[in-house]
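Undergrad: here is a sequence together with a model predicted from it:
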Amino acid sequence: MPFLEAIRLALQVIWSQKMKSGFSLIGVFIGVTFLIAVVSIVAGMNSYMTEKFAGTFFGMNTFHLRRFPEFMDVPPETWRAWRRRPRITTDDAAAVAAGIRVPVITADQSSARATLQYQGKVARDVEVTGAGEKYFEIKNYTIEQGRTFTAQEARAGLPVVVLGHELADRLFEGQDPIGKEVKIQAIPYRVIGVVETQGNLFGISLDKFAVAPAASPVKRFVNPPGIVDLVLIKARSLPEMQLAMEQAEAIMRSRRGLRPSEDNNFVLETSEGILDTWGKINRILLAALPGLVSISLVVGGIVIMNIMLMAVAERTREIGIRKALGARRRDILRQFLVEAATLAVVGAMIGIATGIVLAEVLAATTPLPASVAPWSILVGVLLGAGVGIAAGMYPANRAARLDPVEAMRHE
């Protein structure tokens, strides 16, 4: 029997026995749905972390000089030890900026949550940052309206501010914000720029912020005098960034008077460190995925085997007649194998479609991103076919071994 003819007959059987076929493909359907949905979310997270987090949050070829890591799950005793470290100072920032011998740009940064007001409109819990003038270049911010503050404005500590896109929309509602005054902690600041929308990170808006010169009145509440949260250092390339990190580490160890045997009491943090942490989580998810999918596929295979055994019993007389008319053993074997494989592949295809829809729904309604990986679709189809063939092998062999005379006598 030609292969395509076997598939056509298998589809006819599936269509004529819809309920039975539906129960048969549930296991494969669930397994493949889970595979596509989880792989899509993991692939989306990989892309998201690489492009959005590394590119937007940190900036390319950029590292941060901090008191301790910002994103790290550590035991309480480690956290308490970190809290005892000395703070990063403006003198540290100046020494690092002056001492690094490769071309870099630097900016210190200190942030706090504050309330902004404009003519009765109030925006609460806004991230207000005091920073150097190179901050926007390091963060790769594109200015949609107006401009950033200049080096002269930064040195003079003028009360000027650049707003995030969402914050500007909330306070000004379609008006041109440039030149208008907003109050930050009851102190007026002149709006000089609006940053192009940045989107969100895990559902957290990246557009609800305000940036003013570090020497402006924001210094009164973002940090104690002479203290900064971190120093941002950006190099032109990855090799130069690594060299700059070595030089920054040497400068800070010298300033802190650390002996060669003593650990750093500061941290130089890059996006690579965060991506390494995510990579470990990613590997755990992908390592657990085969086991979880296999459970559903094994259950699906057992159901398909039972259904095919029932089909052999119900069609014993048909098998005997076909053998009497000249069908060979391999024809009967092929027919039942193709039927089992087709049943499983149909379940896999429905599972693939459902998994894609589920991933898209999650991406649209939750902070979780999703990006369907083409290889996962291929794996889903191959898994379906493999489960069908494995589950159909015993029933197909049983059907192929039937004696035609005894089969035709079967009622």
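TA: Done, it's in. Numbers count the residues shown, from 1 in each chain.
Undergrad: could you pull out the strands for the stretch 1-150 of the chain?
TA: Applying DSSP state E, counting those that start in this stretch to the stretch 1-150 of the chain gives strands spanning 62-66, 88-89, 104-118, 121-131, 143-146.
Undergrad: mean neighbour count added to the ones you listed, as JSON lines?
TA: C-beta here means a position set from N, CA and C on the backbone, and glycine is covered the same way. Below are these laid out as JSON lines (neighbours: other CB atoms under 10 Å):
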{"stretch": "strand 62-66", "mean neighbour count": "23"}
{"stretch": "strand 88-89", "mean neighbour count": "21"}
{"stretch": "strand 104-118", "mean neighbour count": "19"}
{"stretch": "strand 121-131", "mean neighbour count": "18"}
{"stretch": "strand 143-146", "mean neighbour count": "15"}
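Undergrad: among those, which comes closest to residue 79?
TA: Minimum separation from residue 79 across the strands of the stretch 1-150 of the chain (CB to CB) falls at strand 62-66, 14.1 Å.
Undergrad: given that closest one, what are its sheet partners and their directions?
TA: Sheet pairing of strand 62-66 (DSSP bridges) gives strand 230-235 (antiparallel), strand 267-270 (antiparallel).
Undergrad: now for residue 153: which residues touch it?
TA: 133, 160, 213 (CB atoms under 8 Å, 6 or more residues apart in numbering).
Undergrad: average pLDDT across whatever helix or strand it lives in?
TA: Per DSSP states H and E, residue 153 falls inside helix 151-156. For helix 151-156, mean pLDDT is 94.
Undergrad: try stretch 127-143
TA: Mean per-residue pLDDT for stretch 127-143: 92.
Undergrad: can you give me the helices in this structure?
TA: Counting by DSSP state H, the chain has helices at residues 3-16, 18-47, 76-83, 90-99, 135-138, 151-156, 165-172, 219-222, 238-256, 271-314, 316-324, 329-365, 374-400, 404-409.
Undergrad: tell me the centre residue of the protein?
TA: Residue closest to the mean C-alpha point of the chain, counted by CA atoms, centre = their mean, is residue 45 at 1.2 Å.
Undergrad: the residue lying closest to that residue once chain neighbours are set aside: neighbour count?
TA: Once flanking residues are discounted, residue 45 sits nearest to residue 369: 6.1 Å by CB to CB, 6 or more residues apart in numbering. Residues near residue 369, counting by other CB atoms under 10 Å, number 19.
Undergrad: mind checking how far residue 369 is from residue 35?
TA: As judged by CB to CB, to the nearest Å, residue 369 and residue 35 stand 18 Å apart.
Undergrad: kindly report the same for residue 386.
TA: Residue 386 sits 13 Å away from residue 35, going by CB to CB.
Undergrad: these two - which one has more neighbours?
TA: Taking other CB under 10 Å, residue 386 and residue 35 do not tie; residue 35 has more neighbours (25 against 16).
Undergrad: show me the contacts for that one.
TA: 289, 293, 351, 355, 376, 379-380, 383.
Undergrad: again, only using 10 Å
TA: Counting by CB atoms under 10 Å, 6 or more residues apart in numbering, residue 35 makes contact with 289-290, 292-293, 296-297, 348, 351-352, 355, 376-377, 379-380, 383.
Undergrad: quick check, nearest of these to residue 305?
TA: Proximity of the contacts of residue 35 to residue 305 was ranked by CB to CB; the top entry is residue 297 with 12.4 Å.
Undergrad: near that closest one, how many other residues are there?
TA: Look at residue 297: counted by other CB under 10 Å, it has 26 neighbours.
Undergrad: can you offset everything so residue one is 13?
TA: I'll keep to 13 as the first residue from here, and by that count the last item is residue 309.
Undergrad: not counting sequence-adjacent ones, nearest residue to it?
TA: Sequence neighbours aside, residue 43 is the residue nearest to residue 309 in space, at 4.3 Å (criterion: CB to CB, 6+ apart).
Undergrad: wait, that neighbour touches residue 363, no?
TA: Yes. The pair residue 43 / residue 363 is scored as a contact, 6.9 Å apart, by CB atoms under 10 Å.
Undergrad: of the strands of the stretch 13-162 of the chain, which is nearest residue 176?
TA: Minimum separation from residue 176 across the strands of the stretch 13-162 of the chain (CB to CB) falls at strand 133-143, 8.3 Å.
Undergrad: need the strands of the stretch 13-162 of the chain in TSV with distance to residue 336, can you?
TA: Converted to TSV, those look like this (distance: least, CB to CB, whole Å):
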stretch	distance to residue 336
strand 74-78	79
strand 100-101	90
strand 116-130	85
strand 133-143	82
strand 155-158	81
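Undergrad: quick one: closest of those strands to residue 168.
TA: Closest approach to residue 168 among the strands of the stretch 13-162 of the chain is made by strand 133-143 (13.7 Å; CB to CB).
Undergrad: any weak-confidence spans in the stretch 13-162 of the chain?
TA: Flagging of the stretch 13-162 of the chain using pLDDT under 70 yields the residue ranges 13-36, 59-70, 83-85.
Undergrad: quick revisit: out of the contacts of residue 47, who's nearest residue 39?
TA: After measuring the contacts of residue 47 against residue 39 - CB to CB - the closest member comes out as residue 308, at 5.4 Å.
Undergrad: domains in the protein, by residue range?
TA: What automatic domain parsing lists as the domains of the chain is 15-64+287-421, 116-249.
Undergrad: turn these into a markdown table, columns for distance to residue 91.
TA: Formatted as a markdown table, the domains of the chain follow (distance: least, CB to CB, whole Å):
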| stretch | distance to residue 91 |
| --- | --- |
| domain 15-64+287-421 | 16 |
| domain 116-249 | 17 |
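Undergrad: list the buried residues of stretch 222-235.
TA: 222-231, 234-235 (16 or more other CB atoms under 10 Å).
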